[in-house]
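A.B. asks: could you work out the structure for the sequence below:
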Amino acid sequence: MVQTLAQSLFTALMNEAQIAFDFKGQFEQMKTQLDLMNAIVSNSENVKSKNEVVKIALTTLRELILEADNALTDCLVRAEYRIQEYMCFGHSLQDSFFFYNTGKKLKDINSKMDQIEKRLRTYLRASDSTHHSSSDSHEDTRLLRSQDFNPSETIGLDDDVEKIKGWISNADDVIQHIAIVGMGGLGKTTIAQKIIHDNQVLDRFDKMIWVCVSRAFSEEQVLRCMLQRLGKDVKGFDGSQLLSEIQQVLADKTCIIVLDDVWKINVEWWTNLCSVFPKRDGKRSCVIITTRNEGVASDMGVESSRTLKPNTLNDHDSWSLFLKFAFSSSKGVCSDEVRKISKEIAKKCGGLPLAIKTIGALLAPMTGSPSECRQILETFHELTTEGRNSSVMASLQLSYDELPPRLKQCLICFSIYPEDFQIRGEQLIQWWMGEGLVQGKGSKSAAEIGYEYLSELIKRCLIEVDKQRGFDGRVYNCKMHDMVRELITKNAEEEKFCSFDEQGRQKATTDSRWIGFVDGMNKESLKNTSKLRAMLFMDRSSSVTEFKNFGLLPSLRVLDFSNSQLQGININDLFDWISSLERLACLNLSGIQGLEMVPPSIRKLRNLQLFVLTNSNSLKILHSYITNLKKLIVLDVGFCPNLESLPCGIAKFSHLQELSGFKVSSQSRKQCAQLLELKKMIQLRVLRISISDETEISENEMDSLSQMSNLKVLSIDADSCKNESKRVLEMVDKLTPPPRLQELYLRNFHRETLPNWVNPKMLRRLKYLCFENGDFQHLNCKFFDNDMEKSIWNIEGLCLKFLTRLDVDWKDLQKDMPQLSYLEVSHCFKLKDFPCSVKTAGVWRKVQA
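C.D. replies: Residues are numbered from 1 along each chain as shown. Sure thing, here's the model as predicted:
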């Protein structure tokens, strides 16, 4: 956790040469300290949970890093003011006070960092010597024992068992790879145990091997365990002999192997191991892997079609399993009141078998007392986070501990979301960007990195997908399992980012860093949250009327009022308060009702990097002072129907990576942003523009898009073209597309042909193409290169919606788009022989060989 914050601050310091010059000595010392800290913290994270000294030191260090981040941000904001407004006046007395106070603050931070560094180094040196004197090898041996437990009865897993049995019986491969992937406590091991104790399965194989791999496995120990299960004495064997010995023992033998609880894999070692299995006709072996990480299964050669992802138990099966453990002595007999309370308790376990068993066993001695049962229900959050349900938390904590620091910090952010909350992926990632938890790297933007982080958390079975894009799986909405939320809130509280009451509801304290604001939360408590860095409104019904009770919030980086109500609020008063948040980096006002103008006070937010106003139906004016926000990387004014245009001067947004809602107007409208200005925005990755009857594109603007060498996503919407559609679309015809475009969206193009530049020759890097609501009759496929050879598309994904005149044959489309692997179609009535519905919503995915 601290390591991520330290690296983020270190990167910022390296990038700000002028600021470092102003406070050269202190910042150079801080850079050195942070460099050392990264190495020390990397070791400290592993022993943090075992020692209070390390916990306190790391907590203090995090506080110092955040203080340093505040100081750096203040320097950056001050520099912007000096450059833009105060340059001609030189240094003022106010500047002198600022330099003196900041220098003093940095000196104090460096001194405290130095003390922590010495304390941690001394502790770790002593810890290392203690560690070497007391080996943990006995634990590894215990974890690597073969599993001989045969579950006599399982509940709710029979369908999963039968599915795997079907895969095994219908296998064509000489070595079949199967994976069972899911969160801790879901029953992966139990399913595998049922498989290898099934007589129909065992009859197919000569040998059976079970190895519990665990987090601390060694490749040599796994091989030795395999040989032991094959009946070999491994004492005399050298490590280099183990593979060949396994090959000799398995010669002409079929084998089923279970590798249980795999956390990571050396692909080269795994490939070598698989090579020793018999590969003769009629000799088929099977490898079953259980893991919490879908990426591990993929690395081990398991296809998605042979990956089982067990669901949590439904209410009926959850209750049946709960009865077995809570009421075994009474054979399910209890009073109506106890039964009602117990069902509520069982539901809180979220269908997770391990939680149901553990809580059920905990409740067993109390089933005769309704009051004791109710106490379990009312203190469920406390039970799961403070140890009485330790086996569940311990199992899930392993998944958390295994995360790299960058993912731990991102996962902890989920703690502010209430139970069963649908979390918007875009909102979450913008929060991460605003706090600096994700940063761009190479050609990838911070947003792209953020989606990769979210995808990794999903692959590790800590977060669940609720809605995603069909083409590439980009997550639109996600959610948490209730028990995972208990895990996350527990760690968030330990790390002092958030605090929670006995029911698991968030409460504001003086140490709170993040708040998920819900109706009913004590607004007065927010007055004493000077450390708060992120505040997100969770309820659509929430009103902003109480904003004056929120206090100054000097450390705030992220403010999300999306979908809130502004009735009865003076907009200028609201923005006066918002503009006082000088360190604010992300402001989300999407869907906000009643906002007609973004006032001049917006210019005070010199640190603002993300400004989101999408779906603000009342918005009419963005003041021209917005162009003073030179650090913007995301500006979203999409779907704001009453906003005529962006103000002239947006070329100043030299860092902008995503622009949505740009309306192409005429060069004669001097006060409006021009297409010509986009030429200077070379950092843009995503551009969404709209054209209307008023659109004019002059000759010197035709190549504007082609100058955007980093642009990956382009969307053009012609919905506002009504009377001048023919003239405007002819101008669009003459545009030159971006050279590295990967995704193209054309909506509401009411003409018979596509723009001339939409062809495989000019869009060679295009991977995804989407056409919605148009009058196209054909797709531009018949283009030839200089040798008169036909060009073909490299497109992998295609979306065709509401194209009632489009006349295309499926066989022809496959020839023109041989790389196509995903197709989405709706209301395209003239398409012929397509493999999915074309009249209603239909989806086709290419079956992977």
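
A.B. asks: from here on, contacts and neighbour counts on C-alpha atoms
C.D. replies: Will do.

A.B. asks: strands along the stretch 51-200 of the chain, start to end?
C.D. replies: Shown for the stretch 51-200 of the chain, the strands assigned by DSSP state E, counting those that start in this stretch span residues 175-181.

A.B. asks: can you show me the helices along it?
C.D. replies: 52-81, 93-133, 137-143, 158-169, 188-196, 199-202 (DSSP state H, counting those that start in this stretch).

A.B. asks: lowest-confidence stretch among these?
C.D. replies: Lowest mean pLDDT within the helices of the stretch 51-200 of the chain: helix 137-143, a mean of 36.

A.B. asks: residues contacting the residue nearest in space to the middle of the chain?
C.D. replies: Taking Cα atoms, centre = their mean, the centroid of the chain lies closest to Leu454, which sits 1.5 Å from it. The contact partners of Leu454, taken as Cα atoms under 8 Å, 6 or more residues apart in numbering, are Gly425, Val475.

A.B. asks: assign it to helix, strand or coil.
C.D. replies: Counting by DSSP: H, G, I helix; E, B strand; the rest coil, the backbone at Leu454 sits in helix.

A.B. asks: then Lys347?
C.D. replies: helix.

A.B. asks: swap in Gly351?
C.D. replies: Under three-state DSSP, the three-state class of Gly351 is coil.

A.B. asks: ditto for the one 4 residues further on
C.D. replies: The three-state label for Ala355, taken from three-state DSSP, comes out as helix.

A.B. asks: try Asp519
C.D. replies: coil.

A.B. asks: about what we covered before: Met597 is nearest to which of the helices of the stretch 51-200 of the chain?
C.D. replies: Shortest distance between Met597 and these, using Cα to Cα, is found for helix 52-81: 23.8 Å.

A.B. asks: pretty sure Asn607 is touching Lys631, no?
C.D. replies: Yes - using Cα atoms under 8 Å, Asn607 is in contact with Lys631, at 6.4 Å.

A.B. asks: between the two, who's got more neighbours?
C.D. replies: Set Asn607 next to Lys631 and count neighbours by other Cα atoms under 10 Å: Asn607 wins out with 25 against 20.

A.B. asks: list the contacts for that one?
C.D. replies: Thr73, Leu76, Val77, Glu582, Arg583, Leu584, Ala585, Leu629, Lys631.

A.B. asks: could you redo the last one with a cut-off of 7 Å?
C.D. replies: For Asn607, the contact set (Cα atoms under 7 Å, 6 or more residues apart in numbering) comprises Val77, Glu582, Arg583, Leu584, Ala585, Lys631.

A.B. asks: same thing with Phe517?
C.D. replies: Per Cα under 7 Å, 6+ apart, neighbours of Phe517: Met535, Leu536, Phe537, Met538.

A.B. asks: just the element for Glu28, please.
C.D. replies: helix 24-47 (DSSP states H and E).

A.B. asks: so the residue lying farthest from the centre of the chain, which of the three states?
C.D. replies: Centroid-distance maximum for the chain: Gly236 at 48.4 Å, with Cα atoms, centre = their mean. Using three-state DSSP, the structure places Gly236 in coil.

A.B. asks: from Ser579, how far out is it?
C.D. replies: In this view, Gly236 and Ser579 are 74 Å apart by Cα to Cα, to the nearest Å.

A.B. asks: over to Leu813?
C.D. replies: Leu813 sits 54 Å away from Ser579 when distances are taken as Cα to Cα.

A.B. asks: ok, these two, which is more surrounded?
C.D. replies: It is Ser579, of Leu813 and Ser579, that has more neighbours when counted by other Cα under 10 Å, with 18 against 15.

A.B. asks: any idea which element Pro818 lies in?
C.D. replies: Per DSSP H and E, there is no helix or strand for Pro818.
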